[in-house]
Every structure is written in C-alpha cells, then in structure tokens.
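Trainee: what follows is a predicted structure for the sequence shown.
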Amino acid sequence: MNPLSPRLRRVLLGCLILATFAAEFFLFDHFGSRRHTGVYPRWNDQIQYLSESYTAFERSRTGGFAVALEHTLTNPSAQGTLHDAAALVAFTLSGRPSRSAALALNMLALIAWQAALYFAIARCSASPALAFAAALLPLALVGPWQNIPGSAYDFRLDHFAMCGLGIASAAALLTDGFHSARWSKLFGAAVALTLVTRFLTGTYFVVIFAALLAWIHSGSERKTRALNLGRAALVATLLAGPFFWINKETVFEYYWIGHYVGPESTIRSQGFGIGRSIQFVAGEFARLHVGLWFAGAAAFGALVFARRTG
C-alpha cells in the first residue's frame with residue numbers, strides 16, 4: 001500500500017482542523033443557548049458592551065451600515081473600540097441582534113488564535129502534528145469555560161484581548177527572532193489589533209517591547225533585528241494611534257483620574273504592597289485563568305518546540 005502523498009496529507013489535516021473548529025463552534029453555541037443566552041447577563045460590563053452593540057445595529061437600520069460602522073469606530077470609549085464594530089458585522093450577517101451572535105464572536109476570536117498558532121508552529125517546526133497539538137492548547141485554559149467575568153460566555157473585552165495577545169504571540173514566532181521584515185510588520189499589525197480591542201493592553205506591550213529590545217541587544221545581528229522591531233512598533237503606532245488619539249481624554253479620565261488620583265481610587269485600592277499585589281495577581285491568574293492542565297501542556301509543548309527548532 002502506497003503511503004499518502006505530502007499534498008494529500010496536508011489536505012486531510014486541513015480538513016481535520018476545519019472540522020475541529022466547526023465542532024468547537026457548534027458545542028460552544030449549543031451550550032451557550034442552554035445555559036447563558038436565555039438569561040439576563042450577570043455582570044454590568046457585559047450589559048454595557050451589549051447595549052453599545054445593540055445601539056450600533058439600530059443605527060444601521062436607520063442610517064445604514066457604513067454610518068453605524070463609523071460610529072462604532074469613532075464613538076469615544078475608555079476600554080476599547082472594536083467590540084461593537086465586530087458585533088455590528090455579526091448582527092448584520094445573522095439578520096438580527098442577539099446575545100448568541102455576540103457571544104459567537106468570542107469563540108471566533110479563540111478559533112482565530114488557534115489558527116494563528118497552527119500556522120506559526122507548522123511553519124517554524126515543519127511538524128503538522130505539533131502544530132495541531134498547539135492549536136488545541138487554548139482549549140485547555142480554565143478561564144474561558146468558567147462562569148466568571150471575562151470568560152468566553154461574557155461579552156466583554158477581556159476575552160478578545162486574551163485572544164489578540166495570543167495571535168500577536170504567534171505572529172512574533174513568525175518573525176524568526178525579528179530577522180524577517182515582512183513578518184515583523186505583521187506582528188505590528190497584530191499588536192495594533194490587540195491595542196484597539198483593549199486599550200489597557202498598551203501597558204503590557206510597553207513591557208513586552210522593552211524586553212524584546214533587551215533580548216535583541218544581547219544577541220547577534222542587533223542592527224537588523226532592532227530595525228525590524230522598530231518597524232513593528234511603527235506599524236502598531238500608525239494603525240492604533242488614531243484610535244488612541246480619538247479616545248485620549250476618555251482614557252485619561254477613566255484610568256488616571258478614576259483609578260489613581262480620583263476619589264474612586266480609594267474604593268478600588270486593596271491596600272496591598274507591591275509584593276502582596278504581585279502574589280495576589282499571580283495567584284488569581286494561575287487559579288482562575290490558566291489552570292494546571294494548560295500550564296503543564298504549554299511547558300511540555302515549549303520544550304518539544306525548542307528541540308525541533310533549536
């Protein structure tokens with residue numbers, strides 16, 4: 001019996017991946033319709049984002065899709081600006097606004113992260129099996145499947161931002177240590193998408209880019225790699241910068257005044273020191289969002305990937 005040709009293997013694996021994604025989406029939608037979409041949203045943030053999305057759809061019915069889309073992208077927001085734009089597209093395609101259609105965007109974002117992981121790992125390791133395993137890894141996370149704020153069944157920006165960070169991480173792998181100018185620009189575009197989805201991720205990317213610059217300067221070919229990192233930063237700034245400029249006053253008032261210097265900061269403060277704060281955040285992150293299965297599988301997969309690409 002002749003072995004399958006490489007082309008046929010790729011086709012079959014592609015069909016398996018698409019079937020897996022379809023099954024994930026079906027199960028997510030089926031479980032959501034039984035447990036979540038038929039009841040009133042539990043958390044205030046979700047109510048806010050759903051209301052903004054429903055308002056955008058109503059605007060499209062009176063002024064047209066283009067007018068509504070422009071409103072979603074230019075309406076001042078302190079948290080992010082893509083949730084209602086994406087929901088407007090989903091509502092338009094489904095023909096009516098619904099919480100089910102809105103929550104479907106959460107699963108589509110997770111699938112986009114999985115697809116980005118598969119493509120990046122397959123390209124870097126030349127191992128379709130390892131790439132397929134990596135694509136399934138986000139399903140092992142604890143957070144998206146819990147009945148907590150920011151889960152996959154909570155229509156807010158946290159889940160979108162997590163998936164955006166995952167897609168940006170996959171794009172970073174494709175840069176080949178920032179030796180590739182083309183993939184570095186794509187990484188910058190992924191960063192911009194994440195920034196516009198959740199403005200607060202800008203604080204993370206400041207640290208991430210600083211760490212990447214330090215890593216580049218500790219290795220070889222510093223000039224080329226630093227230049228490509230600069231290209232990524234420039235692309236991210238050009239794409240996300242206009243949205244930050246539109247929302248600069250709202251972001252400043254909400255975060256700086258509301259969270260740090262205003263009277264509301266007293267309510268938000270737990271009174272922890274730096275050490276206690278790090279311990280609290282790390283503990284909650286590991287317990288509520290990551291989980292032992294994901295942490296173990298990710299560590300093992302990273303070792304296998306390092307051996308195959310080293």
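Mentor: Received it, and whenever you're ready, just let me know what you need.
Trainee: so where's the stretch 151-300 of the chain shaky on pLDDT?
Mentor: Counting by pLDDT under 70, the low-confidence segments of the stretch 151-300 of the chain come to 258-271.
Trainee: now do the helices in it.
Mentor: In order along the chain, the stretch 151-300 of the chain carries the following helices (DSSP state H, counting those that start in this stretch): 157-174, 181-197, 201-217, 222-246, 248-251, 264-268, 274-284, 292-309.
Trainee: mean neighbour count and distance to residue 41 added to those, as CSV?
Mentor: Heads up, the C-betas are built off the backbone N, CA and C, glycines and all. What follows is those, written out as CSV (neighbours: other C-beta atoms under 10 Å; distance: least, C-beta to C-beta, whole Å):
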stretch, mean neighbour count, distance to residue 41
helix 157-174, 23, 14
helix 181-197, 22, 20
helix 201-217, 14, 24
helix 222-246, 17, 26
helix 248-251, 14, 23
helix 264-268, 10, 22
helix 274-284, 10, 22
helix 292-309, 13, 26
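Trainee: longest helix anywhere in the chain?
Mentor: With secondary structure taken from DSSP state H, the chain has its longest helix at helix 6-35.
Trainee: buried residues, that one. List them.
Mentor: 13, 17, 20, 21, 24, 28, 29, 32 (16 or more other C-beta atoms under 10 Å).
Trainee: go on, stretch 105-118?
Mentor: When burial is assessed from 16+ other C-beta under 10 Å, stretch 105-118 yields the following buried residues: 105-118.
Trainee: closest one to residue 136 out of the residues you listed, please.
Mentor: Checking the buried residues of stretch 105-118 against residue 136 with C-beta to C-beta, the nearest one is residue 114 at 7.3 Å.
Trainee: mind checking the SS state of the closest one?
Mentor: Three-state call for residue 114 (DSSP: H, G, I helix; E, B strand; the rest coil): helix.
Trainee: once you drop chain neighbours, what's closest to it?
Mentor: Nearest-residue entry for residue 114: residue 135, 4.4 Å, with adjacent residues in sequence omitted and distances by C-beta to C-beta, 6 or more residues apart in numbering.
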